[in-house]
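Chemist: Return atomic coordinates for the entry below.
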Amino acid sequence: MNRYPMYGPTPAVTRLARYTGSEFDEIRGDVPDPFEVQGSGLVWRPTREHFGVRLGERLVAHAGYVPVPLAVGDARIRAAGIGSVIVAPDQRGRGLARSVVAAAVEHGRGRGLEYGLLFCRPDRVPVYERLGWRLLEGDVQIEQPGGPIVMPLRSMWLAI
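Modeler: Below is the predicted model of the structure:
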């Protein structure tokens with residue numbers, strides 16, 4: 001059942017052969033820093049797989065996937081890192097973020113991963129909570145070129 005009948009059927013998500021800077025620019029439109037992290041100094045692990053929604057030739061939504069190693073106490077876990085989630089401003093509210101994130105998570109599940117991990121700004125937490133993600137309480141350390149640091153963004157997880 002389509003939860004957004006005013007827009008017609010929810011467009012299909014496809015696995016993208018590539019995701020270029022010009023496609024990112026096409027989605028973000030005139031928003032200079034859609035993730036609001038440019039000044040953070042964080043270095044991101046590049047996503048390996050890309051999932052998107054096209055309307056005609058235009059890419060309007062994207063989510064990336066990368067396997068990430070995690071340590072929880074003495075346990076070592078590989079998780080599906082979900083990142084670069086973006087929906088064109090004129091296409092928001094249609095469930096496209098839900099669709100591309102679900103495709104990336106499903107890809108991780110198909111690779112035998114049991115958890116999803118993402119980082120987001122505090123104001124975006126409710127969006128991901130509606131998609132079933134939960135906040136990780138406490139500090140999360142991440143690897144950066146200068147060594148480990150405490151992640152300044154909110155960390156969220158999902159059992160997949």
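Chemist: now residue 86, which residues is it bridged with?
Modeler: Bridge pairing for residue 86 (DSSP bridges) gives the partners residue 62.
Chemist: and the longest helix along the chain, what does it pack onto?
Modeler: Taking DSSP state H as the criterion, the chain has its longest helix at helix 96-110. Counting contacts by 3 or more C-beta pairs under 8 Å, 6 or more residues apart in numbering; DSSP states H and E, helix 96-110 is packed against strand 13-16, strand 49-55, strand 58-72, strand 75-87. Placement of C-beta: from N, CA and C, glycine included.
Chemist: residue ranges with poor pLDDT in the chain?
Modeler: Residue ranges of the chain with pLDDT under 70: 1-9.
Chemist: helices or strands up against the helix or strand following the longest helix of the chain?
Modeler: Per DSSP states H and E, helix 96-110 leads on to strand 115-120 as the next helix or strand towards the C-terminus. Contacts defined by 3+ C-beta pairs under 8 Å, 6+ apart place strand 115-120 against strand 58-72, strand 75-87, helix 125-130, strand 154-159.
Chemist: 6 Å - rerun?
Modeler: Applying 3 or more C-beta pairs under 6 Å, 6 or more residues apart in numbering; DSSP states H and E, one finds that strand 115-120 contacts strand 75-87, strand 154-159.
Chemist: Would you point to the one among those strands that's packed deepest?
Modeler: Highest mean neighbour count of those: strand 75-87, a mean of 19 (counted as mean count of other C-beta atoms under 10 Å).
Chemist: Please convert the helices and strands packed on strand 115-120 to CSV, extending it with distance to residue 103.
Modeler: As requested, the helices and strands packed on strand 115-120 are arranged in CSV below (distance: least, C-beta to C-beta, whole Å):
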stretch, distance to residue 103
strand 75-87, 10
strand 154-159, 14
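Chemist: for the helices and strands packed on helix 96-110, which one sits closest to residue 136?
Modeler: strand 58-72 (9.8 Å; C-beta to C-beta).
Chemist: Buried residues in the closest one, which are they?
Modeler: By 16 or more other C-beta atoms under 10 Å, the buried positions in strand 58-72 come out as 59-68.
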